[in-house]
Structure formats: structure tokens, C-alpha cells
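Student: sequence and predicted model, in that order:
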Amino acid sequence: MALLTVRNLTKRFAGLTANSDINLDIPEGCLFAVIGPNGAGKTTFFNMVSGFLAPTAGTIEFAGEDITHLRQDRIAAKGLVRTFQLLQLFKNMTVAENVEVGFHLATTGGVAAALSRLAWFRRQEADVHARARELLAFVGLAGQAEQDAELLPYGQQRLLEVARALAAKPRLLLLDEPAAGLNAHETDALAAVIQELNRKGTTVLLIEHDMALVTRIAHRIAVLDFGCKITEGAPDEIKRHPDVIAAYLGTEEAAYA
Amino acid sequence: MTSNRTMTSRASIFTRLGDYGYFAIGGAIFIALLFAFVFIQGGYLLTVMQLAMIYGLFCVGLNFFMGYTGQASFGQNAFAAIGGYGTAILCVEYGFEPVVALVASMAIAGVISVIVGYPTLRLRGHYLAMATFALGLITYDLSVQWTSLTQGYMGYSGIPPLGIGPFTVEDERWKLVCLMVILLFGLWVSGRLRNSRFGRALRAISTSEQGAAALGIRISQYKLAAFVIAALYASAAGSLFAHVVGFISPEVFGLQMVVVTFTMLYVGGIGTVLGPAIGAVIASLLPQILRSSGRFQDIAYASILLLLLIYVPKGLSALSGIGRSRPVRSSTSDADQARPLVSDGRVGSDCDMPAPQARTGS
């Protein structure tokens, strides 16, 4: 059974159909990519799956449960965690603290626990502290742990978002254009991190613009264009698919039309 | 780039000094001397400092909502009014023990803050500011018009001093000591909550609600919690005011209070642990120090506030690392990688303060 099942997902913004009847199955353990040219509706699709946007029609099932109308934090609690194309780092906190916030779902305790600081809470805080640093080491930011997050170079901020999302222990990690604005070297580093975390068992749904990156690391690719899924398949099939080439490069007929 | 490098290496010397808290130690000595002076001097200064402690407590609470969580409230004075009137009515009309009255008032303020906060906190930004502002105005009007409960403009007088059972605190110096202890307790709570799972969630909300929600933080719940905590602090401050001064009227908890406490928050350093208390002391003392300048008093006061906001925009507590949870130790390799990129945007500030980017405690 697929981990994420999307059926007939549709979003209309006052006449503009941003997503139309999208069907998608993402098997557990897969590194799945959704690609498409600018304005194809990738981010809209992402926002609906992660609960940041209510769909006009259709259903989203995660691990056999209907999550179509759940609030974002409830969806995250089920194990579906996302990152943002426009980074949403906590700029007033250090790099390590950003990741520590990521452990929110994996930990418990509110005001009373923070005040009393019983043994279990102290242990938990120490654990969060240590594991945040492990995750930073995993994405290669160990040396920057105590810096303010907003001081990181852009490429490292992207890595920090991934580390923070991983702290929430996602079953499915949604990455929204993680390579946007990265140079070739940074993109490689990011690709390595994504492949590694996928190998460790996290299912990944990746939205990406960068065809080269996606065809290199994804197991399976779906292509959106004008809000519709035009095809889906293995990277090699996608690269050769005439509709995909048409969507990205245009066709002769389209040029005449 | 090269000039940045030299600046970074120079700054790192200051950073290391800051790590050992030279500013913090200096500040602590200054505060100790200040209190010693006030205790020896006595008189009017004692009252000023008592009020500073009470305002400080209020600001520490407001800081939960406005500093840590980054929301705007122009109406927290409403809860101070609830505390003040709760204490006055319960003590004067019903002969409650001061401590019981204080706790009962806090409970009332807490319940009301939940009822009011639940719908109000759905608003954001300017709308939230307007709604909370209305809350303060409504409470003011109630305290004026509901004369059967509040005695209107006349206010309540003859409120007994603080005390537990047979022990009452009547001596002005002891009052100040009590208030200091209470404020320190308030600060301790604030610091402990700030650096915990709870506090991290609040601070996450302040910069990115979307990011926080994506990590499973229930935004509305945490905002409400911060609002209620701020209300509890405000109510306690209102009660203490009633006990210490012995008289309250609607004016005490009016618009003036909003303006004064905002000043304190920003002067001291919003979002830091100690900032609100430092701001409360500074903003209370400044007018007293400036009184000798006669009719230029207000101009001098305003000028100093302006200068502070321009040159210490993150508040006085940002001058040292004292508001910060953990010391920042940036190795030189870090600095080389990350600083140059940042300095592009903040060229000027590098020279003003020792390593300011790394030390702000918000």
C-alpha cells in the first residue's frame, strides 16, 4: 500500500485551476519527485498535501488515514513534514536551537515541566540538545551550531531546514524546491543528504525545478504542467517522454498555435 | 572582504571578553550599587524603585507575549486592572488575606484572558494590536462606569499592605526587598520557560508561524498560553501596586501604563530574559535623575530614549550576553565562512558593538 495516496486533487482560485484532478501514489521508502515548469502548480499541490491550503476537491490519504482537512500541525504530527521554498527558519534562534524546535513533536512537556525540570525533562532536554547536534553533523553544519541561523549562507540555510524537518522524525519528508538558489557544489551536497536520509528509511517527496538533479536522484517522477499531471514514470522514461520535452521546451505545434 | 576579516578578528577579542560577561559583571555591580544607594538614601527614591519592580514584573510577563512569541498587545493593562481591583475589592470589602486576594485575582485574570484571548488571538499583526487596545479601553471604561463595583473615579483607598497572617510589610525598605524577591522569582520563571521546549516553541512562532506549524507546533495554543502568562504577571503586578501604594483608581491602569511599559520593554531589550526588568529600572530612574534639568526634563527624557533606541536598538541587555541562553563561541573557521556574507547587510553595526550579530538575545 502506498504511504501517500492523492485522489482527484483539485484547487481552483476564482476561475484559475491551479491543480486539476491530480492522482498520485507514493510508495513507502521511495524517493519521489514532482517536476514541472514554472507555474505548473507544484507548490499549490505541496501546500494542499501539507495542509497549508484547503483543496477544492479530492482526497489525500496518508498511511491509510484521510488527512485532507487536517490542520498543518496535526498533519506534521502524523509524520508528514515539509520544508519551504521560501525558507522559514527561526532567525532569532541559533542553528542548533532551530533543530531543537524540530524535536517538538518527538518530545513532551509544557510550562509545568519546564518549571519543575524533573529528571525525565532534564534528560529529554539533554537528549534533544545532543541529537540536534547529531543532525547538524549529518547535514554538515556541526561547526555552525551556536551561530544565529540568519547568519548562515543561503545554501547552508537550506540544509538547516532539512535538518530541522528531520528532527521531527518524518515518515514522509516533503521538500519544496530544496535546491532553489544553490550553486552546483551546494546542490551536490544537498543531493547527497537527500539520498542518504532516504536510504535510512525516510520516504521523500521532492518538488524540483532542476531536471538534472531530479533525474539523478529520484526513483520515480511525476510531471505537472498547467495544473495537470501529464505523466509519471522512472527517470529514464521521463527524460525521453515527448510530453515532458514539450512541456519544458515547447513543441513545434505549440510554436505555431 | 579583507576589511571584514580584520574587523572580525578584532571583534573576536571583544567576543571573548563578552563571553566572560564583563558587561554582565559590570551591570550586576552597577545594579548592586544602585540598590545600596537607594537603601541608604531612602525617601522618595524607595517609592520610585518599588514602582520600578512592579512595572518590571508586568514587563517580564508582557515579554512572554510580545518578546518571545512576537505578538502585539496594547491591552495588557486590562489584566493589571483586574489584579488591582480584585485585590482592592477582596481585601477592603471582604477582608481577604493579601496573598489569597493576589492569587484569587490572578485566577480571575487567567480565566478572563483565556475567554478574551481565544477569539482575539486569531487576529494577527495590526488587527491584533487594535483588538487588544480595545480590550484596555473597555476595561478602563468599566473601571470608571461600574461604580457599584469599582467606586468609579474615586478609586479604592485603604488597601492593606502586603503580608502573610500576622506579618505585614509596612517598612518602605522591606517593601522594596519583598518586591525585588518577587521580581527575581518572575525572572527565574521567565528564564526557565524561555530555554525549554515550551519557550523554543514560542520563539519559533515569533519568526515563522508557517515553519512552526510545519513542525507540529499548535500555533493558537501556544499564543494563548503566552497571552495567559502575560495576564497572570500583569494581574500580580496590579495586586502588588494596590498593596504597596494603598490606593488605586482607573488612571493607574490607563493608557499611560501601556506607553510606559512599552518603553521599558524596548529600552531593556524585548525578547531577552533580563531586558524587561532592566528597562523598568532605567525608565523609572531616568525621569528622577533628569528632574534637576527643570522644565527641559521631558525633552531630555525623550532624547535619551531616542538615543537608546537608535544606538542600542536591541535594548540595553543586548550590550552583554546576559540575556542569552548559551555563550557564543565562534571559532575562527566559522567566522571566516559565515561572517563575510552577513557583514554585507550589516556593515555599520560591526563597529558599534562587540560582535553584535552573535550576541543579541532575542
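Tutor: Right, received. Where do you want to start?
Student: A:G155 should be in a strand, yeah?
Tutor: No - counting by DSSP: H, G, I helix; E, B strand; the rest coil, A:G155 is not part of a strand but helix.
Student: quick one: B:I29 and chain A, what's the gap?
Tutor: Noted for B:I29: a distance of 27 Å to chain A, by CB to the nearest CB, to the nearest Å. The way it works is simple: take the backbone N, C-alpha and C, and place the C-beta from them, glycine included.
Student: pretty sure that residue is in a helix, no?
Tutor: Yes - under three-state DSSP, B:I29 falls within a helix.
Student: can you pull the contacts of the closest residue to A:A57 other than its chain neighbours?
Tutor: Residue nearest to A:A57 in three dimensions, not counting chain neighbours: A:T10, with 4.3 Å by CB to CB, 6 or more residues apart in numbering or on different chains. By CB atoms under 8 Å, 6 or more residues apart in numbering or on different chains, the contact list for A:T10 reads A:17, A:19-22, A:55-58.
Student: hang on, A:T10 in a helix?
Tutor: No - with three-state DSSP as the criterion, A:T10 is strand rather than part of a helix.
Student: follow-up on the earlier one: now rank the contacts of A:T10 by neighbours and give me the top one.
Tutor: A:N19 (28 neighbours; other CB atoms under 10 Å in any protein chain shown).
Student: can you tell me the helix or strand for the residue lying closest to B:I112 once chain neighbours are set aside?
Tutor: On the basis of CB to CB, 6+ apart, the spatially nearest residue to B:I112 that is not a chain neighbour turns out to be B:I82, at 6.4 Å. Secondary structure assigned from DSSP states H and E places B:I82 in helix B:77-92.
Student: and for A:G201?
Tutor: Residue-wise, A:G201 maps onto no helix or strand under DSSP H and E.
Student: in three-state terms, label the nearest residue to it once chain neighbours are set aside for me.
Tutor: Nearest-residue entry for A:G201: A:G29, 6.8 Å, with adjacent residues in sequence omitted and distances by CB to CB, 6+ apart. Secondary structure, three-state DSSP: A:G29 is coil.
Student: may I see the buried residues of the helix ranked longest in chain B?
Tutor: Looking across chain B with DSSP state H, the single longest helix is helix B:219-245. Buried residues in helix B:219-245, counted by 16 or more other CB atoms under 10 Å in any protein chain shown: B:219, B:222-245.
Student: state the distance from the closest residue to B:L240 other than its chain neighbours to chain A.
Tutor: Leaving out its chain neighbours, the residue that sits closest to B:L240 by CB to CB, 6+ apart is B:I54, at 5.1 Å. Distance, B:I54 to chain A, using CB to the nearest CB: 22 Å.
Student: same deal with B:L149?
Tutor: The value you get for B:L149 to chain A, if CB to the nearest CB is used, is 31 Å.
Student: the helices in the stretch 251-362 of chain B, which residues?
Tutor: Using DSSP state H, counting those that start in this stretch, the helices found in the stretch 251-362 of chain B span residues B:255-268, B:275-289, B:297-311, B:332-343, B:349-352, B:356-359.
Student: okay, the angle between the second one and helix B:219-245?
Tutor: Relative orientation of helix B:275-289 and helix B:219-245, computed by axes from the mean of the first three to the mean of the last three CA atoms, to 10 degrees: 40 degrees.
Student: and helix B:275-289, what does it pack against?
Tutor: In terms of contacts (3 or more CB pairs under 8 Å, 6 or more residues apart in numbering or on different chains; DSSP states H and E), helix B:275-289 is packed against helix B:22-41, helix B:44-63, helix B:255-268, helix B:297-311.
Student: how about B:T139, nearest residue that isn't a chain neighbour?
Tutor: Distances taken as CB to CB, 6+ apart place B:A78 nearest to B:T139, at 3.7 Å, with adjacent residues excluded.
Student: can you count the residues close to B:Q145?
Tutor: 12.
Student: all the strands of the stretch 101-250 of chain A, residue numbers only.
Tutor: Secondary structure of the stretch 101-250 of chain A (DSSP state E, counting those that start in this stretch): strands at A:172-176, A:203-208, A:220-225, A:228-233.
Student: B:F262 is nearest to which of the ones you listed?
Tutor: Of all the strands of the stretch 101-250 of chain A, it is strand A:172-176 that lies closest to B:F262, at 37.7 Å by CB to CB.
Student: put the alpha carbons of that closest one into CSV.
Tutor: As requested, the backbone C-alpha atoms of strand A:172-176 are provided in CSV (Å, rounded to 0.1, in the frame of the first residue of the first chain):
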residue,chain,number,x,y,z
LEU,A,172,7.3,11.3,4.6
LEU,A,173,9.5,14.3,4.1
LEU,A,174,8.3,17.0,1.6
LEU,A,175,11.0,19.1,0.2
ASP,A,176,9.8,22.2,-1.7
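Student: is that strand positioned near chain B?
Tutor: No - Strand A:172-176 is not in contact with chain B by CB under 8 Å from any CB of the partner chain; minimum separation 8.9 Å.
Student: if I pick B:F74, what's in contact with it?
Tutor: B:129-130, B:132-133, B:136, B:258.
Student: and for B:Y68?
Tutor: Applying CB under 8 Å, 6+ apart, one finds that B:Y68 lies in contact with B:194, B:199, B:202-203, B:206, B:226, B:271.
Student: can you pull out the helices in chain A?
Tutor: Under DSSP H, chain A gives helices at A:42-49, A:72-77, A:95-102, A:111-116, A:119-139, A:154-167, A:184-199, A:211-217, A:235-240, A:242-249, A:252-256.
Student: from the chain's centre, how far out does the fifth one sit?
Tutor: Which is helix A:119-139. Between the centre of helix A:119-139 and the centre of its chain there are 23 Å (CA atoms, centre = their mean, to the nearest Å).
Student: how near is the nearest residue to A:L166 once chain neighbours are set aside to chain B?
Tutor: Spatially, and ignoring its direct neighbours in sequence, A:L166 is nearest to A:L135 (5.7 Å; CB to CB, 6+ apart). In this view, A:L135 and chain B are 13 Å apart by CB to the nearest CB.
Student: hang on, the earlier thing: just say which of the helices and strands packed on helix B:275-289 is most tucked in.
Tutor: Stretch with highest mean neighbour count among the helices and strands packed on helix B:275-289: helix B:44-63 (a mean of 24; mean count of other CB atoms under 10 Å in any protein chain shown).
Student: next, format the contacts of B:Y68 as TSV and append secondary structure, distance to chain A and pLDDT.
Tutor: Shown next, in TSV, are the contacts of B:Y68 (DSSP: H, G, I helix; E, B strand; the rest coil; distance: CB to the nearest CB, whole Å; pLDDT from 0 to 100):
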residue	secondary structure	distance to chain A	pLDDT
B:R194	helix	9	92
B:G199	helix	7	93
B:L202	helix	10	94
B:R203	helix	6	94
B:S206	helix	6	92
B:A226	helix	10	95
B:G271	coil	7	88
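Student: adding distance to A:T108, write those out as JSON lines.
Tutor: As requested, the contacts of B:Y68 are exported to JSON lines (distance: CB to CB, whole Å):
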{"residue": "B:R194", "distance to A:T108": "18"}
{"residue": "B:G199", "distance to A:T108": "15"}
{"residue": "B:L202", "distance to A:T108": "16"}
{"residue": "B:R203", "distance to A:T108": "18"}
{"residue": "B:S206", "distance to A:T108": "22"}
{"residue": "B:A226", "distance to A:T108": "19"}
{"residue": "B:G271", "distance to A:T108": "25"}
